[in-house]
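Enquirer: Turn this into a structure:
(chains A, B, C and D)
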2 protein chains.
Amino acid sequence: MAAKVTITDVARRAGVSRQTVSNVLNSPELVREETRDRVREAIETLGYRASQAARQMRTGRSRLIATRIEPDRDGINGSVLDRFLHGLTASAARAGYRILLYAAGDERAEIDTFDELVGSHEPDAFVLTSTYHGDGRPAWLRERRLPFVTFGRPWGDAGDAGDAADGDAASGGTTADPGYPWVDVDGAAGTAAATRHLLDAGHRRIGFLGWPRGSGVGDDRRSGWARTLAAAGIDPAGLDQATDDGVADGEKAARELLRAERPITALVCASDSLALGALHAVRSLTASGQLIASGRLTAEGRLTVAGRAGDEEGLPVSVIGFDDTPVARAVGLSSVSQPLAEAAAGCVGLLTRLFDPPSPGDPGTSAASVISAASHTPEAGAHLLLQPSLVLRQSSWPHDHPAG
Amino acid sequence: MAAKVTITDVARRAGVSRQTVSNVLNSPELVREETRDRVREAIETLGYRASQAARQMRTGRSRLIATRIEPDRDGINGSVLDRFLHGLTASAARAGYRILLYAAGDERAEIDTFDELVGSHEPDAFVLTSTYHGDGRPAWLRERRLPFVTFGRPWGDAGDAGDAADGDAASGGTTADPGYPWVDVDGAAGTAAATRHLLDAGHRRIGFLGWPRGSGVGDDRRSGWARTLAAAGIDPAGLDQATDDGVADGEKAARELLRAERPITALVCASDSLALGALHAVRSLTASGQLIASGRLTAEGRLTVAGRAGDEEGLPVSVIGFDDTPVARAVGLSSVSQPLAEAAAGCVGLLTRLFDPPSPGDPGTSAASVISAASHTPEAGAHLLLQPSLVLRQSSWPHDHPAG
DNA sequence: CATACCCCTTTGAACGTTCAAACCCCTAGA
DNA sequence: TCTAGGGGTTTGAACGTTCAAAGGGGTATG
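Expert: This next block holds a predicted model:
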């Protein structure tokens, strides 16, 4: 077994001192070019790699970023965070960091884990996912001056300084500087785009299937729909339903909307789970004759159902989900897609910016260029709000296209 | 901020030397009880945690386990590894280890990453997922004496010693000791259970939808189906199809089987993606009148389609998938479920067994008890073959039950 | 000719832990 | 009384790196 190659081995081989080797690695500009090349060659031939442990002892930096892996709740939407995690791992590696995982059931357990990790593995930063209203994690970390970013806006967390007005549903979320960097996807913009698409297709009575008020993410998504309808001169009142996030819940709530006094002809949903339930509801009502089928169910499970019985418009009922999960792809459900890889790159970018002084003359890697678009609020609270995109599939096609 | 608490601080406070504190942590039996209590109290009040970096420097052990996070390929089956990863994180934490993530596109990139990690963060072990035929990773690691487990059997990898006979399809995989520990789920047992269930429901012409020969996992799953049919006196020839793993691929292949000369009435599939495609095929053929519908499509998307037109049996066409992914849950697809949390615990158990001598007098934690069931081949090649379970849903109900 | 300064390089110390060995005190046996 | 041994504790060194400071040689400056 080849014994570990140390910096001293490299130094001896290159005929220089330890420190010079160290400088070649960390501050190459201090070393004469000729020496540098000699050292580099020695590093190469010996296969030297700096020991993280030793480096960490001296510098106090571990090049580790800790984040939580979530259990896959209902399963359908869980894949969103998995994709984010993959992006995070890749982006971090590019910046010279590794991802350290932990699991925690609730906020208390997570904070206990913070405490333990900070003392033992000493990650350089944390990435918090799934921020929520009243989130106590940012405050805990900030009190201890531990660097972190959140993927998810500060929805007025426990340590929030500026208590943004709560009824501000149409604004797209809090804008007050929370004192820490965050990255998020503009959910309202996503539902707005979905709603606009349906309006363009001729729909007027466009419903919204979401979660109970109070969840930041859910309210944000609802607001995009409401604002877009209102802008088109349509009163959104009575066109939405709030329920828990599950396929069965979504189906039940969708039925309500489809059988309401003012029935809907299209539905924007806060998640793919809800949207899948909505598809089932549409299918079921069609089968039982309460909706008129304008065509058959195709191989792809495409919907070609046309409005409620007696409905004068005759448009197919369209459904649009959120998150563009594998399920959506599989069943042909249109959905709002989050740029998760970019979000992950943004998180890493904001973090490295905290570590290394943001020298303005830098060339800028791809991650850095994402970041350069970040809002330049006071450094601590730099943030990034990314735009989602609408992926159209059969569930929102305006006409009965033959299967490709 | 509170400066880091070191072992020396604790020692001073407890009135002992550094080494005694170290002993309390690592070899408490060496320390007199009274002293031990005093030290423990000091640790508690000061909130001391041993620095991993310093410890690693001295002992050479990082308490890190590295594993790869995979991109979510077609997306549907990706969630399996995510669930495994979650279990791994939890089990590792219980054993005092953390998971270090890396991403790698192909085998070459992964081995490069091994090389880099071994030099820098120095993980104590690797967990390899998705083993495949000709896998070069185990050999690389073994040559360097780096501890690892694979989740997935050795399907005759590049460094395999005993070249197990290849046509041994009914045996459930290679049994030769590859010289390293592994954990896997008995896929053949899963498809066998699925097939048996369908036989019990009265089906005779049970098809199999799988992947092209040569993939260890795929062949294993096919073998369970074939062996069970054969045992029931049914010749499996001509009842199976092989295709790539995708919803569209599955649909196409399922159509072939449903319209074959000897048509099938039930289908066991190697994945949920394929099964979903099969469901679409059944639905589509029904809609176009090529299969007789014995009822309507219910809200849950339940299949109540009854055999091919003119078929004398009249049983509903049943479909069973593999992996019990979120999609299966969502669309009511019966599926074979892998015990992923146990598999993860098994991996951690086998690894810690490599590190710490397997003293036979240990009480045994839950992970250890899983491990105690591991086959006691020569230590190096200990392994664990777990049994999956069959989750029944609407897609394989023998009769037309009313929706709950 | 002394001083200053710059560029490049080296030296000694320190990070916090555990290993290996020594030490101290006590009891038992010769 | 001396030696041996054992339980419990301490001491010095080492792991591999980087920081802080010093060193050495050259050229410019007074």
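
Enquirer: Can you report how many residues lie near the residue in the stretch 251-400 of chain A that chain B sits nearest to?
Expert: For the stretch 251-400 of chain A, the residue closest to chain B is A:Pro326, as judged by CB to the nearest CB, at 3.2 Å. In this view, the C-beta of every residue, glycine as well, is placed from N, C-alpha and C. The number of residues packed near A:Pro326 is 26, by other CB atoms under 10 Å in any protein chain shown.

Enquirer: And it, how far from B:Ala254?
Expert: From A:Pro326 across to B:Ala254, the span is 19 Å (CB to CB, to the nearest Å).

Enquirer: A:Val118 too?
Expert: With CB to CB as the criterion, A:Val118 and B:Ala254 are 53 Å apart.

Enquirer: which one of those two has more residues nearby?
Expert: B:Ala254 (29 against 17).

Enquirer: what about the more buried one, is that helix, strand or coil?
Expert: Of the three states, B:Ala254 takes helix according to DSSP: H, G, I helix; E, B strand; the rest coil.

Enquirer: Looks like it contacts B:Leu285 (just checking).
Expert: No: using CB atoms under 8 Å, B:Ala254 is not in contact with B:Leu285, being 9.0 Å away.

Enquirer: my guess is the residue of the stretch 251-400 of chain A closest to chain B meets B:Val327, correct?
Expert: Yes: with contact defined as CB under 8 Å, A:Pro326 reaches B:Val327; the gap is 6.6 Å.

Enquirer: From A:Gly332, how far off is A:Asp244?
Expert: 25 Å.

Enquirer: Which of these two has more residues huddled nearby?
Expert: Comparing A:Asp244 with A:Gly332 by neighbour count (other CB under 10 Å), the higher total belongs to A:Gly332, at 20 against 13.

Enquirer: Could you count how many residues lie near the spatially closest residue to that one that is not a sequence neighbour?
Expert: Counting by CB to CB, 6 or more residues apart in numbering or on different chains, the nearest residue to A:Gly332 once its immediate chain neighbours are dropped is A:Gln394, at 4.0 Å. When neighbours are counted by other CB under 10 Å, A:Gln394 registers 21.

Enquirer: Going along the chain, name the helices of the stretch 1-150 of chain A.
Expert: A:7-14, A:18-26, A:33-46, A:52-59, A:78-94, A:107-119, A:137-143 (DSSP state H, counting those that start in this stretch).

Enquirer: To B:Pro178, which of these lies closest?
Expert: helix A:78-94 (28.3 Å; CB to CB).

Enquirer: Residue numbers of the stretch 101-250 of chain A in contact with chain B?
Expert: A:101-103, A:116-122, A:144-145, A:247 (CB under 8 Å from any CB of the partner chain).

Enquirer: Contacts for stretch A:40-56, please.
Expert: A:4-7, A:9-10, A:13-14, A:21, A:24-25, A:61-63, A:122, B:52-54, B:56-57, B:62, B:116, B:118-122 (CB atoms under 8 Å, 6 or more residues apart in numbering or on different chains).

Enquirer: buried ones in it?
Expert: Residues A:40, A:42-43, A:46, A:48-53, A:55-56 are the ones in stretch A:40-56 that count as buried (16 or more other CB atoms under 10 Å in any protein chain shown).

Enquirer: for stretch A:202-217, same thing?
Expert: A:203, A:205-211, A:215-217.

Enquirer: so of those, which ones are in strands?
Expert: A:206-210 (DSSP state E).

Enquirer: want to throw those into JSON lines with pLDDT?
Expert: Below are these laid out as JSON lines (pLDDT from 0 to 100):
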{"residue": "A:Ile206", "pLDDT": "94"}
{"residue": "A:Gly207", "pLDDT": "96"}
{"residue": "A:Phe208", "pLDDT": "98"}
{"residue": "A:Leu209", "pLDDT": "97"}
{"residue": "A:Gly210", "pLDDT": "97"}
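
Enquirer: So what touches stretch A:261-270?
Expert: For stretch A:261-270, using CB under 8 Å, 6+ apart, the contacting residues are A:191, A:194-195, A:198, A:201, A:203-211, A:217-218, A:221-222, A:225, A:238-239, A:245, A:250, A:254, A:257-258, A:275, A:278, A:307-308, A:311, A:313, A:315, A:317-322, A:396.

Enquirer: In PyMOL, how would I select just the buried ones from these?
Expert: If you want just the buried ones from those in PyMOL, going by 16+ other CB under 10 Å, the selection is:
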select buried, chain A and resi 191+194+195+198+201+203+205+206+207+208+209+210+211+217+218+221+222+225+239+245+250+254+257+258+275+278+307+308+315+317+318+319+320+321+322+396
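
Enquirer: Among the contacts of stretch A:261-270, name the ones in helices.
Expert: A:191, A:194-195, A:198, A:217-218, A:221-222, A:225, A:250, A:254, A:257-258, A:275, A:278 (DSSP state H).

Enquirer: Neighbours of A:Ser389, how many?
Expert: 14.

Enquirer: same question but for A:Ala281, I mixed them up
Expert: 26.

Enquirer: Excluding covalently adjacent residues, which one is nearest to it?
Expert: A:Ala254 (3.8 Å).

Enquirer: That neighbour and A:Gln241, how far apart?
Expert: Distance from A:Ala254 to A:Gln241, counting by CB to CB: 8 Å.

Enquirer: Would you pull up the residue in the stretch 51-200 of chain A closest to chain B?
Expert: Taking CB to the nearest CB, the stretch 51-200 of chain A has A:Gly119 as its residue nearest chain B, at 2.8 Å.

Enquirer: What does the pLDDT read for A:Ala306?
Expert: We have a pLDDT of 41 for A:Ala306.

Enquirer: Listing request: residues of the stretch 201-350 of chain A with sub-threshold pLDDT.
Expert: Scanning the stretch 201-350 of chain A with the threshold set as pLDDT under 70 gives A:287-316.

Enquirer: for it, what spans make up the strands?
Expert: A:206-210, A:240-242, A:266-269, A:291-293, A:305-308, A:318-322, A:334-337 (DSSP state E, counting those that start in this stretch).

Enquirer: So what are the sheet partners of the last one and their directions?
Expert: Strand A:334-337 has the following sheet partners, assigned by DSSP bridges: strand A:318-322 (parallel), strand A:389-391 (antiparallel).

Enquirer: So what's the gap between the last one and the chain middle?
Expert: Okay, so that is strand A:389-391. 15 Å (CA atoms, centre = their mean, to the nearest Å).

Enquirer: got it, and stretch A:24-39?
Expert: With CA atoms, centre = their mean as the basis, the mean position of stretch A:24-39 lies at 41 Å from the chain mean.

Enquirer: same question, stretch A:137-149
Expert: For stretch A:137-149, the distance to the chain centre is 20 Å (CA atoms, centre = their mean).
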